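**Student:** I'll drop the sequence and a predicted model, then ask my questions.
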Amino acid sequence: MGDEVSIDKASFHTRLSSLITQWKADKRSGNNVFGDVGSIVVVMGKSDEAQSFHKTNATQFWLLGYEFPATLFLFTLEAMYIVTTKKKAAYLDVLKDGKIPIEIIVRGKDAEENAKQFERCLDIIKNAGKKVGVLTKDASTGPFVQEWKTAFGDISKDVEEVDIGPALSQAMAVKDENELRAISNASRASANVMQDYFIDAMSNILDDGKKITHKALSDRVEGKLDDDKFFRAMKLPANFDALQLDWSFRPIVMSGGNFDLKMGAEPDENNLHAGVIVSSLGMRYQNYAAAVARTYLVDPTKAQENMYKLLLNVHETVIKEMRDGVVAKDVYAKALNLVKAKKPELEKNFVKNVGAGIGIELRDSSLVLNAKDTRTLRDGMTFTVTTGFSDLENKEATDKKRDGTYALLLTDTVRITSGNDAYVFTKHAATDTETTLFFFNDDEEEEKKEKPKAKRDNRTAIASSNELKTRTRGQGQATVNEEKENARRDHQRQLRAKKHRDGLDKYREGHGNLNGTEVKKFKRFESYKQHNQFPSRTRDLMVVADPKTNSILVPIMGRPVPFHINTLKNATTSTEGDFCYLRINFLSPGQGVGRKDDQPFEDPAAQFIRSLTFRSRDVDRMEGIKDSITEMKKAAVRKEQEKKDMEDVVEQDKLIEIRNRRPIRLENVFMRPAMESKRISGAVEIHQNGLRYHHLGGGQKVDLLFSNVKHLFFQPCVGELIVIIHVHLKDPIIIGKKKTKDVQFYREATDMQFDDTGNRKRKHRYGDEEEFEAEQEEKRRRAQLDKEFRNFSEKIADAGKGDGLSVDMPFRDLGFNGVPARSSVTIIPTTDCLVQLVEPPFLVITLTEIEVVHLERVQFGLKNFDMAVVYNDFTRQPTHINTIPVESLDSVKDWLDSVDIPFTEGPLNLNWPTIMKTIIYDPHLFFAEGGWDFLNTQSDSEDEEEEEEESAFEVSDAELASGESSEDESEFDDDASAEASEEEVSEEDEGEDWDEMETKLKSKKERAEEADEKKVKKGKK
């Protein structure tokens, strides 16, 4: 039993109190159920997988949620005593200090001490009364049980044993909310396997004329349990865990005249026959069982079809009759009377009961819907409703052996409700004739002819034209005020120097790696706790992929050996001759699997398996195993990544609602990220410690606490189509199934009430007057919308002022275009941040968290540059804003300088992941060697060269005037000059005329010919 055992103390005491209360009530009302017992003994021996679930371990599962072998429960009206081993006692210690006293008696290896413990239990039984309740029908075995029976034999003459099974059955019959939810999940899974898998598999086999035995088809359905994708596709609760599923009884398929309607019958080796096909299966979720059975008729006769309709009528009648307060035998009488009224001759063919109680036990033998049971149905009870006819004769059968006799069966799992019909948990598996009747021999329908699709003309009626943008040479030169530029440069030097000093002070010598020196340990994984948990297929000593436990079982030396999927690297197959070879590669130390080698050498002397190879003639099976391993490996990696992504998600405190008055509310707003795909509005409310968004679509709520709000923004609809209130959080939260740190409330500013096709106003007014009035109305409406949202945002700030909340508003005049994610957007500075709030994914950069900004691709001839924002938390990856127009370069520099952020610029894009790794490895060494000066080295040298060139060359006014006139007369545009600048032309060649160039070219040719002649002479020698 693993360390993950966690017993629900509250649930235990609630159910134990319910048992004691019913016991006491029965004593007052005449001892009709508990038989006037003074104590109850439930003894569990060794765990036996063959016995499955019975009343003994069902009692343990009901109270504890787990099975505890070699454990004795002793109940009295005042207390409960548990005799068990030391290890199990450690798990049970949490049950003490409850409403009902619990005493745990720990057994050891001392036989005399153990005998004294049993003697004490016998004294408690004798003092409690002359009658003791025991489970006479449960055949628990093992040394512990034998020892107890020997001890109990000494007082067997003094006390009377009473079968307590019916009393325990009644105590566990009415299910609580958690039990009903588990049965509902098991029922939905069972019904989905029947409806969405078995019907398709069975019909495809019959339609294709394939042959398959009942056992093989049952095994195929049984294997569906390992298909996680199938169960994930079902519409089940968000917390549904497919790993909690198991079979309550394995699938059964019957056809061809051999029918056994008992639950849990074994399928035979006969082939599936196209006639009457009966299928039943049951699943278990969190130890609670469900069952479903259906009959499918292939090309039935009219008599068979009418017989099925009769059974369907009886089945529906039973379900309608099962209500709170109805006696069990009356339900059976109602069904039998209906059969007698419709077909009296079928009474002998009808089932002897129409169901039984279901829960932890698949079939509660103390609660059966037959002609004798006098138990009363109560709200919260769960049953399997089973109706059927056996040994029916088909007089029209041509194949008397396989179609001469047949049977019909329907089973559903239901819950008793108060007043209404029973609720059917397995209703997803349809029982109507449209679903259960198949007709393969009918004439095939004519194939529908596809209508010819109209050819699409891809030609467009719009001709595209290229417009040449012309500009003068002087336009490319920067006209910057030299004094302003020098002042900005000096200020940046001061900021960089300050950052350098701060870095040296913060990261002193010996600071070490920012991520710490984590010592890697050899990872260990557990596949199975006990060998009896192995899949049954391992008995054949074959390679088995078990997705349920994320493990691979391989035969080694005649034994199945499990390997967890996290120990595998990959699996490959290859074919040589008649054999297919499956190679399973393992992760092992020193293998050099990339930069992340998570397999350190814990024991240098240890030996590791690098790979295992198996061969088989069954190529398809080997390929299937390889695909299963690959899918399991992908799923494991995906699960690990999801777990890593959710590490920083926090659970917020509870929202304190305003009760004494109506909260301030903003109606008709939309939220991003959206709650669902449909676009449905909602409302935002301000409460004592946060905001609450009410989604009108499904009634969902999203709470944002002020303590988790980092920034609050209001962006008006000036220049935009929406007005926004944006909340940026400190820690991410989950909305839907995704985590987010940004939540936005917005309303569209466009007017949808009027159109341009003519309306009431347009009929009486024409031309400019109407357009002017529409513009004024648009301005008034936008101003009103901005006012409403601004006032609401200020009220949010007032409510959250205790948490330092204030409204920040973007300065649109300072905005610039860029691509932070997928598309080009307008990025706007605010007082504290740099934001983009219009298109998701949103961008919010806090200015105080910025270490330095580096402007990349800043060079002559490029129309765009990039921005890399480096944070003072070096473990955080830099943010990139790409493709910023070069026209915004000066304004971006001015803004960065005004908010005291040091920036640098360079002609190339840098490899930031490598740079950040170097800094994280030893930040002290980074700042000791100059820090961020390496980014500014190139730009400083360029500035010095420009200053030297400017001082060495001065232009007179006359030369400047002649230069301007020559530029006006030039026939070359800016594009031509740009092309010329790309060619590597030396400064000497630029001023030469055509004659000089021709002379030089001739001299080059002559020198080349002389060189060739010399080579020829050397070759002759």
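**Tutor:** Here it is on my side, so go on.

**Student:** what's the closest non-adjacent residue to the residue nearest the centre of the chain?
**Tutor:** For the chain, residue 737 is the residue whose C-alpha lies nearest the centre (CA atoms, centre = their mean; 6.8 Å). Nearest residue to residue 737, sequence neighbours excluded (CB to CB, 6 or more residues apart in numbering): residue 238, at 7.8 Å. Just so you know, the C-beta spots here come from the backbone N, C-alpha and C atoms, and that holds for glycine as well.

**Student:** would you check how far apart the residue nearest to residue 571 when sequence neighbours are not counted and residue 552 are?
**Tutor:** Closest residue in space to residue 571, ignoring its immediate chain neighbours: residue 629 at 4.1 Å, by CB to CB, 6+ apart. As judged by CB to CB, to the nearest Å, residue 629 and residue 552 stand 6 Å apart.

**Student:** quick one on the thing from earlier: quick one: classify the residue nearest to residue 737 as helix, strand or coil.
**Tutor:** When states are read from DSSP: H, G, I helix; E, B strand; the rest coil, the local structure at residue 238 comes out as coil.

**Student:** now do it against residue 736, distance only.
**Tutor:** 10 Å.

**Student:** which of the two has more residues huddled nearby?
**Tutor:** residue 736 (13 against 6; other CB atoms under 10 Å).

**Student:** residues contacting the more buried one?
**Tutor:** Residues in contact with residue 736 (CB atoms under 8 Å, 6 or more residues apart in numbering) are 673, 675-676.

**Student:** returning to that earlier point: what's the burial count for the residue nearest to residue 571?
**Tutor:** 21.

**Student:** ramachandran angles for the residue nearest to residue 737?
**Tutor:** Backbone torsions for residue 238, taken as degrees, to the nearest 10, come to phi -60, psi -30.

**Student:** do you know the pLDDT at it?
**Tutor:** We have a pLDDT of 71 for residue 238.

**Student:** same check, this time on the one 3 residues further on
**Tutor:** With respect to pLDDT, residue 241 scores 83.

**Student:** flag the shaky bits of the stretch 51-200 of the chain, pLDDT-wise.
**Tutor:** 51 (pLDDT under 70).

**Student:** hey, where'd the helices end up in it?
**Tutor:** 55-64, 86-92, 111-128, 143-152, 165-173, 177-192, 199-208 (DSSP state H, counting those that start in this stretch).

**Student:** could I get the ones you listed in a markdown table, plus columns for mean neighbour count and distance to residue 883?
**Tutor:** Listed next are these as a markdown table, based on neighbours: other CB atoms under 10 Å; distance: least, CB to CB, whole Å:
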| stretch | mean neighbour count | distance to residue 883 |
| --- | --- | --- |
| helix 55-64 | 22 | 63 |
| helix 86-92 | 15 | 61 |
| helix 111-128 | 15 | 80 |
| helix 143-152 | 16 | 76 |
| helix 165-173 | 22 | 68 |
| helix 177-192 | 23 | 49 |
| helix 199-208 | 14 | 51 |
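
**Student:** need those helices in TSV with distance to residue 412, can you?
**Tutor:** Output for the helices of the stretch 51-200 of the chain, formatted as TSV (distance: least, CB to CB, whole Å):
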stretch	distance to residue 412
helix 55-64	22
helix 86-92	37
helix 111-128	42
helix 143-152	37
helix 165-173	18
helix 177-192	8
helix 199-208	16
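
**Student:** nearest to residue 283, of these?
**Tutor:** Nearest to residue 283 among these is helix 177-192 (4.4 Å), distances taken as CB to CB.

**Student:** which helices and strands does that closest one pack with?
**Tutor:** On a contact count with 3 or more CB pairs under 8 Å, 6 or more residues apart in numbering; DSSP states H and E, helix 177-192 meets helix 228-232, strand 245-254, strand 276-285, strand 288-298, strand 405-415.

**Student:** CSV for these, including distance to residue 167?
**Tutor:** Converted to CSV, the helices and strands packed on helix 177-192 look like this (distance: least, CB to CB, whole Å):
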stretch, distance to residue 167
helix 228-232, 37
strand 245-254, 24
strand 276-285, 24
strand 288-298, 21
strand 405-415, 22
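
**Student:** next SSE after the top helix by length along the chain?
**Tutor:** Among the segments of the chain that qualify as a helix by DSSP state H, the longest is helix 768-799. Per DSSP states H and E, the first helix or strand lying C-terminal to helix 768-799 is strand 807-808.

**Student:** rounded mean pLDDT for that next one, please.
**Tutor:** Averaging pLDDT along strand 807-808 gives 93.

**Student:** just give me how far the next helix or strand after that strand sits from the chain centre.
**Tutor:** On the C-terminal side of strand 807-808, the closest following helix or strand by DSSP H and E is strand 816-818. Its chain's C-alpha centre and that of strand 816-818 lie 35 Å apart, by CA atoms, centre = their mean, to the nearest Å.

**Student:** now do stretch 251-268
**Tutor:** Using CA atoms, centre = their mean, the offset of stretch 251-268 from its chain centre is 38 Å.

**Student:** and it, average pLDDT?
**Tutor:** On average, stretch 251-268 scores 87.

**Student:** now that stretch: buried residues?
**Tutor:** Using 16 or more other CB atoms under 10 Å as the test for burial, stretch 251-268 gives 251-257, 259-261, 263, 267-268.

**Student:** what ranges do the strands span in the stretch 401-550 of the chain?
**Tutor:** 405-415, 423-424, 437-438, 544-546 (DSSP state E, counting those that start in this stretch).

**Student:** relative to residue 85, which of the ones you listed is closest?
**Tutor:** Comparing the strands of the stretch 401-550 of the chain by CB to CB, strand 544-546 comes nearest, at 29.8 Å.

**Student:** can you list contacts of the next helix or strand after the closest one?
**Tutor:** Using DSSP H and E, the helix or strand that follows strand 544-546 in sequence is strand 551-556. Defining contact as CB under 8 Å, 6+ apart, one finds that strand 551-556 is touched by 527-528, 534-535, 538, 541-546, 560-565, 568, 584, 612, 614, 629, 632.

**Student:** ok, now with 7 Å
**Tutor:** 527, 534, 538, 541-546, 560-565, 568, 584, 612, 629 (CB atoms under 7 Å, 6 or more residues apart in numbering).

**Student:** that's a strand at residue 218, yeah?
**Tutor:** No - going by three-state DSSP, the assignment for residue 218 is helix, not a strand.

**Student:** pull the distance from stretch 423-437 to the chain's centre.
**Tutor:** That offset, for stretch 423-437, works out to 30 Å (CA atoms, centre = their mean).

**Student:** any idea how far apart the tips of that stretch sit?
**Tutor:** Using CA to CA, to the nearest Å, the end-to-end distance of stretch 423-437 comes to 25 Å.

**Student:** do stretch 684-703 as well
**Tutor:** 10 Å.

**Student:** give me the common contacts of residue 629 and residue 552.
**Tutor:** With CB under 7 Å, 6+ apart as the test, residue 629 and residue 552 both reach 545, 568.

**Student:** show me where the stretch 401-550 of the chain dips below the pLDDT cut-off.
**Tutor:** Those would be 440-481, 510-523, if you go by pLDDT under 70 across the stretch 401-550 of the chain.

**Student:** please repeat the previous calculation with a cut-off of 80.
**Tutor:** Filtered on pLDDT under 80, the stretch 401-550 of the chain yields the residue ranges 418-420, 439-481, 509-526, 529-532, 539.

**Student:** which residues of it fall in helices?
**Tutor:** So, for the stretch 401-550 of the chain - with DSSP H, counting those that start in this stretch - the helices run 433-436, 482-506.

**Student:** related to what we said a few turns ago, can you tell which of the helices of the stretch 51-200 of the chain is closest to residue 663?
**Tutor:** Comparing those against residue 663 with CB to CB, the closest turns out to be helix 177-192 (30.9 Å).

**Student:** restrict the closest one to CA atoms and write it as PDB.
**Tutor:** As requested, the backbone C-alpha atoms of helix 177-192 are provided in PDB (Å, rounded to 0.1, in the frame of the first residue of the first chain):
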ATOM      1  CA  GLU A 177     -23.400  12.900  -3.600                       C
ATOM      2  CA  ASN A 178     -19.900  11.600  -4.100                       C
ATOM      3  CA  GLU A 179     -21.100   8.000  -4.500                       C
ATOM      4  CA  LEU A 180     -23.800   9.100  -7.000                       C
ATOM      5  CA  ARG A 181     -21.200  11.000  -9.000                       C
ATOM      6  CA  ALA A 182     -18.900   8.000  -9.200                       C
ATOM      7  CA  ILE A 183     -21.800   5.700 -10.400                       C
ATOM      8  CA  SER A 184     -22.800   8.400 -12.900                       C
ATOM      9  CA  ASN A 185     -19.300   8.500 -14.300                       C
ATOM     10  CA  ALA A 186     -19.000   4.700 -14.500                       C
ATOM     11  CA  SER A 187     -22.400   4.500 -16.200                       C
ATOM     12  CA  ARG A 188     -21.500   7.200 -18.800                       C
ATOM     13  CA  ALA A 189     -18.300   5.400 -19.600                       C
ATOM     14  CA  SER A 190     -20.100   2.000 -19.900                       C
ATOM     15  CA  ALA A 191     -22.800   3.500 -22.100                       C
ATOM     16  CA  ASN A 192     -20.300   5.300 -24.300                       C
END
